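Sharing a sequence plus its predicted fold:
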Amino acid sequence: MRIALSTGGGDAPGLNAVIRAAVLASLDRGWEVYGIRKGYAGLLGDDEVVPLTRDSVRGIGHLGGTILRATNRGNPFHYHRTRPDGTVEEVDRSGELIANARARGIDAIISIGGDGSLAIAQQLCDQGMRIVGVPKTIDNDVAGTISTFGFDTAVSTAIEAIDKLHTTAESHDRVIVMEVMGRSAGFIALHCGLAGSADVILIPEIPFDIERVCEKVRARDRAGRYFSIIVTAEGAFPAGGAASRIGASLPGEMPRLGGVASSIAREIQERTGKETRSLVLGHLQRGGMPTGYDRLLAARFGGAAVRAVADERWGHMVALQSPHIVTVPIREVLRHPKRVDPASDVVMTARATGISFGD
């Protein structure tokens, strides 16, 4: 058996732990393992396909990033290629990718990625490629699994930031609005906001009314608490409005979201007269060493992916359905995107402890 690993989409803490576990578990079965560099670019001649050995993965389990590198611009079905005149064209190179994989004797691919990478994996599987998926996203928005690796690390990073913001906000009687990742799902904002004792949490699943947010700030002032911490997901938006966008995206890419924290801060200062600052955690949430929980989950996913290959569970994704690691069809995973349930116990607990969702 000769398998290849691919890491696509945005990076997440724990990718190297998955790679390490999958490589070692494969070698233990006597298989050959290769790494496709930069998503699928290595199989399309735009990067390399490299052998992975015990030496290749020694000492990487605790490291952030991915030794194979990643890209969110390498969809083989919509591949961007530059013409001689400098313009960019979009081409379908999926057939070329599958032919190159077969020419190299690759029997199966373990695709490590979020919903975008999993959608590509399903399409390749439909064309005859043997693929097993591993869910990866700091947003925790992949259905079928209780958690994705990288999520716990991102939440821990955000909580540490909130802890530090509390002291400076209280010292100056300020309102501080912190923006975290989460374009369509507010899991990071919700979990770090509740754990970090934020006063307001704004998520895409619950459109907000800015006046309700301001009323929470005023209520804290009346109670003698002259500072407030607001956590917002980048995809949060006001009722009847739309998410804030920043910059321009390349053809075929989803719009880049962001800037909601600064607009909310501006509105709060104008409406309440309180000094209000904003900051964006951005890619800090993707970087650094994974937490112990993410390292363990990533290792379990890597080992389970190899077992799924051995069991020929093509078109399936490994998933945590506590306490077990199982496999679920990728097609089922993609059917219903995972979002925060406004009636979940986490949301209810946040409300019961006095946190406002601006609704």
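Thanks, I have it.

so where do the helices sit in the stretch 1-150 of the chain?
Ranges of helices in the stretch 1-150 of the chain, per DSSP state H, counting those that start in this stretch, are 15-28, 94-103, 115-126.

Those: which one's closest to residue 46?
helix 94-103 (11.0 Å; C-beta to C-beta). C-beta: built from backbone N, CA, C; applies to glycine.

Go through the closest one and flag the buried ones.
By 16 or more other C-beta atoms under 10 Å, the buried positions in helix 94-103 come out as 94, 97-98, 100-101.

how is this protein carved up into domains?
Domains of the chain are assigned by automatic domain parsing as 2-149+290-322, 152-286+341-352.

closest to residue 334 out of the ones you listed?
Judging these by C-beta to C-beta, what sits closest to residue 334 is domain 2-149+290-322, at 5.8 Å.

got the end-to-end distance for the closest one?
The first and final residues of domain 2-149+290-322 sit 31 Å from each other (C-alpha to C-alpha, to the nearest Å).

What segments of the stretch 201-350 of the chain are strands?
For the stretch 201-350 of the chain, applying DSSP state E, counting those that start in this stretch gives strands covering 228-233, 276-280, 316-321, 324-329.

between these, which gets nearest to residue 131?
strand 316-321 (8.8 Å).

Name the residues of the closest one that come out as buried.
Buried-residue list, strand 316-321, by 16+ other C-beta under 10 Å: 316-320.

Grab the nearest non-local neighbour of residue 293.
residue 152 (4.5 Å; C-beta to C-beta, 6 or more residues apart in numbering).

In three-state terms, how would that neighbour be classified?
Three-state call for residue 152 (DSSP: H, G, I helix; E, B strand; the rest coil): helix.

can you pull the contacts of it?
Contacts for residue 152 were tallied using C-beta atoms under 8 Å, 6 or more residues apart in numbering; they are 290-291, 293-294, 297.

swap the cut-off to 10 Å and go again
By C-beta atoms under 10 Å, 6 or more residues apart in numbering, the contact set of residue 152 is 13-14, 138, 140, 191, 290-297.

Export stretch 93-100 to CSV, keeping only CA atoms.
Extracted C-alpha coordinates of stretch 93-100, given in CSV (Å, rounded to 0.1, in the frame of the first residue of the first chain):
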residue,chain,number,x,y,z
ARG,A,93,-7.2,19.9,-13.5
SER,A,94,-8.8,17.1,-11.5
GLY,A,95,-8.3,14.5,-14.2
GLU,A,96,-4.6,15.4,-14.4
LEU,A,97,-4.3,15.1,-10.6
ILE,A,98,-5.9,11.6,-10.6
ALA,A,99,-3.7,10.5,-13.5
ASN,A,100,-0.6,11.8,-11.8
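
if you average pLDDT over it, what comes out?
Here stretch 93-100 scores 95 as its mean pLDDT.

Just give the nearest non-adjacent residue to residue 39, would you?
residue 74 (3.6 Å).

Pretty sure the one you found sits against residue 111.
No: counting by C-beta atoms under 10 Å, residue 74 stays clear of residue 111, with 11.8 Å between them.

what do those two both touch?
With C-beta under 10 Å, 6+ apart as the test, residue 74 and residue 111 both reach 6, 8-9, 36, 39-40, 117, 120.

Switch the buried residues of strand 316-321 over to JSON lines; also include distance to residue 226.
Shown next, in JSON lines, are the buried residues of strand 316-321 (distance: C-beta to C-beta, whole Å):
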{"residue": "316", "distance to residue 226": "54"}
{"residue": "317", "distance to residue 226": "48"}
{"residue": "318", "distance to residue 226": "49"}
{"residue": "319", "distance to residue 226": "46"}
{"residue": "320", "distance to residue 226": "42"}
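
From residue 12, how far out is the nearest residue to residue 315 once chain neighbours are set aside?
Leaving aside its sequence neighbours, residue 315 sits nearest to residue 125 (C-beta to C-beta, 6+ apart; 4.3 Å). Going from residue 125 to residue 12 by C-beta to C-beta, to the nearest Å gives 22 Å.

More neighbours: these two, which one.
residue 12 (32 against 20; other C-beta atoms under 10 Å).

Including distance to residue 86, could the helices of the stretch 1-150 of the chain go into JSON lines?
Shown next, in JSON lines, are those (distance: least, C-beta to C-beta, whole Å):
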{"stretch": "helix 15-28", "distance to residue 86": "33"}
{"stretch": "helix 94-103", "distance to residue 86": "23"}
{"stretch": "helix 115-126", "distance to residue 86": "27"}
